[in-house]
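> pasted the sequence and its predicted model underneath.
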Amino acid sequence: MKGQIMSYPLTTNAILEYGNRVFPDQSIISHLPNKTRHQYTFADLYKRCKKLSNALVNTFGVKPGDMIGTFAWNHYQHVELYYAIPGAAAICHTINIRLSEQQIEFIINNSEDKIIFVDASIAPMLEKMASLLVTVEHFVIINASDGFTTTLPNTIQYEDLLKEVSDDFEWIVVDENDACAMCYTSGTTGQPKGALYSHRSTYLHALSIMSPNAGCYDANDTILLIVPQFHVMAWGFPYMCLLAGAAMVLPSLNLQADAIIEMLINEKINKANGVPTIWLGVYEALKKNPPKEKLALQEYLVGGSALPQSLIEGFERDFGVRGVHAWGMTETSPLGSISRLQPKHKKLSVEAQLKIRAKQGIEIPGVELRVVQEDGTIAPRDGKTVGELEIKGAWVIDSYYKTTSREKFSDDGWFKTGDVSTIDADGFMEITDRTKDLIKSGGEWISSVALEIAIMAHDKVMEAAVIAIPNKKWVERPLAGVVLRDKDKKVTPEELIAFLSKNFAKYQIPEHYVFLDEIPKTSVGKFNKKEMRRLYAEGKLSRST
Ligand code: AMP
């Protein structure tokens, strides 16, 4: 027997309607690329989204299911795109500006973006490949200063687009299971793969992050959204804030520690998010130059890479600010788990509490976690038994965009994360390693296999293996072990860096190289990266740079 409840589609339009109805005066503050400050309300956002959806449908002829790309920083216009594109029944495809040129070109062509909204400051990155972007009919330029010129074809400025249309527009009707947004993961060794989010998954994810045992956000909060809007929908915060009635502060490209601290102080920010590298930088800068008054900041939510226990401890001791550790993936919208102490932990020592807080935490309502051992059995929740972490839930993908491969899914439909972890008796998950051959530096992925293939293409190199090494600022950096073809024909790290810079973004290129007689191998002849990591940890892989 079915329940006798109304059908109420959970859509991004419903989120925006709610924010406008219940918290119309709440603020969205943007620190724009030209360093000016912009502030308006949820009610202003609502009206401009109506105009933008209208322009998409009636000026550009956008049809339901069309892909519309964004190539932009965090600011109010990007929030407008998060709502107005799905409001036109199209799909908001956020393009990660930190990927390599080759990957950006691939994902724009693979997703078949029809229009791209691009920030003027990064338009030159797209200019180089514009002739290869065959599906793109228009480029809309955001935040162009006077005298801005570009070689991109068919451009119009964002404000000019909005000027011509009215806000009298009915959202195009969608089903809650229709797609509303897409983000490509770069966390694979092959080409990036698209994670296609639905209206329903986006709504439920936002509700769950807001809930007290998770992010715990409400209308008293002013939240700094450092997580880029071009990566996993900024962890869903632009949607969650409208439901919570929380004010948003958006920093665009003002991401240096000093700029963040200025915003924390001037905007009286009490909550924030970001990857560990950002918070390590802010902590160091605050230590060098302590603020005159206590910060309004109460807590910062960290994910993307492990939050070091020493940072949680230092920030709290020196500035009274709480670090909250979370875990997630592009494929999981992203939030899967979060680590907050429970009442039973209150009696533990501070050191024991810190250990729990440094774990990746308990699953948030709406998802389930399990650890699967190599023999296929489910690991006991004992905090010791390791295996691959698997997840299922209301905002976890069930397949990749345009891909039929089931490699990442178990036979019973769980998503295999590639993270190696344990779960303890209280349900706290802890990541201990990863099966993915990848390096995560400053929150962005670097494929070790892609680097190895590229280095081995150099004519003086016979073999190359790349591993992650710990780094205080970036959490991890790549180190390349290189075997020369001929010991007498040397190659310098500078030559290799110049060689790699043709195909890799700057942050992806290793600055550390060790020249070896041979790369350690496994019994089946594969590069033994575990052994390389061990040698490095024991100081037996000395760096040549
Ligand atoms: P992405 O899809 O690029 O967001 O990357 C997701 C991956 O980042 C996860 O599978 C983990 O390997 C890693 N990751 C995310 N959050 C954490 C965390 N809190 N601690 C350690 N690794 C993390």
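Structure's in. What do you need? Everything numeric in this text was worked out from a predicted model, so none of it was measured.
> show me the shaky parts of the stretch 401-545 of the chain.
Residue ranges of the stretch 401-545 of the chain with pLDDT under 70: 523-525, 542-545.
> near the ligand, which residues of it show up?
Listed as neighbours of the ligand in the stretch 401-545 of the chain under the rule Cβ under 6 Å from any ligand atom: Thr417, Gly418, Asp419, Ile431, Arg434, Lys440, Trp445. Every C-beta, even on glycine, is put in place using the N, C-alpha and C of the backbone.
> any idea which of those is closest to Thr522?
If you rank those by distance to Thr522 using Cβ to Cβ, Arg434 comes first, at 17.3 Å.
> now do the contacts for that closest one.
Gly418, Asp419, Val420 (Cβ atoms under 8 Å, 6 or more residues apart in numbering).
> run through the residues of the stretch 201-350 of the chain sitting next to the ligand.
So the stretch 201-350 of the chain meets the ligand at Val232, Gly303, Gly304, Ser305, Ala306, His325, Trp327, Gly328, Met329, Thr330, Pro334 (Cβ under 6 Å from any ligand atom).
> can I get the contacts of Arg434 in TSV including distance to Gln342?
Shown next, in TSV, are these (distance: Cβ to Cβ, whole Å):
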residue	distance to Gln342
Gly418	28
Asp419	23
Val420	25
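> now for the residues of the stretch 401-545 of the chain next to the ligand: which two are most distant?
Greatest spatial distance among those (Cβ to Cβ): Ile431 and Trp445, at 15.3 Å.
> so which of these two has more stuff around it?
Ranked by neighbour count (other Cβ atoms under 10 Å), Ile431 and Trp445 place Trp445 first, with 21 against 18.
> can you classify that one by secondary structure?
Following DSSP: H, G, I helix; E, B strand; the rest coil, the label given to Trp445 is strand.
> roughly how far apart are it and Ser100?
Separation of Trp445 from Ser100 (Cβ to Cβ, to the nearest Å): 11 Å.
> gap between Thr422 and Val165?
According to Cβ to Cβ, Thr422 stands 54 Å off from Val165.
> looking at these two, which is more packed in?
Neighbours were counted for Thr422 and for Val165 using other Cβ under 10 Å; Thr422 has more, 21 against 18.
> residues touching the more buried one, list them.
Counting by Cβ under 8 Å, 6+ apart, Thr422 makes contact with Val371, Ala379, Asp382, Gly383, Lys384, Thr385, Val386, Met429, Glu430, Thr432.
> just those residues: which are in strands?
Judged by DSSP state E, strands contain the following of the contacts of Thr422: Val371, Met429, Glu430, Thr432.
> make a PyMOL selection of the buried ones in the residues you listed.
To isolate the buried ones among the ones in strands among the contacts of Thr422 in PyMOL, judged by 16 or more other Cβ atoms under 10 Å, type:
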select buried, resi 371+429+430
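> work out the gap between stretch 96-106 and the centre of the chain.
Centroid separation for stretch 96-106 versus its chain: 15 Å, with Cα atoms, centre = their mean, to the nearest Å.
> can you name the residues in contact with stretch 62-72?
Contacts to stretch 62-72, defined as Cβ under 8 Å, 6+ apart, come from residues 56, 78, 81, 85, 88-95, 97, 108, 111-119, 122, 125-126, 136, 142, 172, 174, 178-179, 182, 229-230.
> repeat the analysis, applying 6 Å as the threshold.
56, 78, 81, 85, 88-91, 93-95, 97, 111-119, 142 (Cβ atoms under 6 Å, 6 or more residues apart in numbering).
> return the subset of the residues of the stretch 201-350 of the chain next to the ligand lying in helices.
The helices, defined by DSSP state H, take in nothing from those.
> check those and tell me the two furthest apart.
The distance between the two most remote of those (Cβ to Cβ) is 18.5 Å, for His325 and Thr330.
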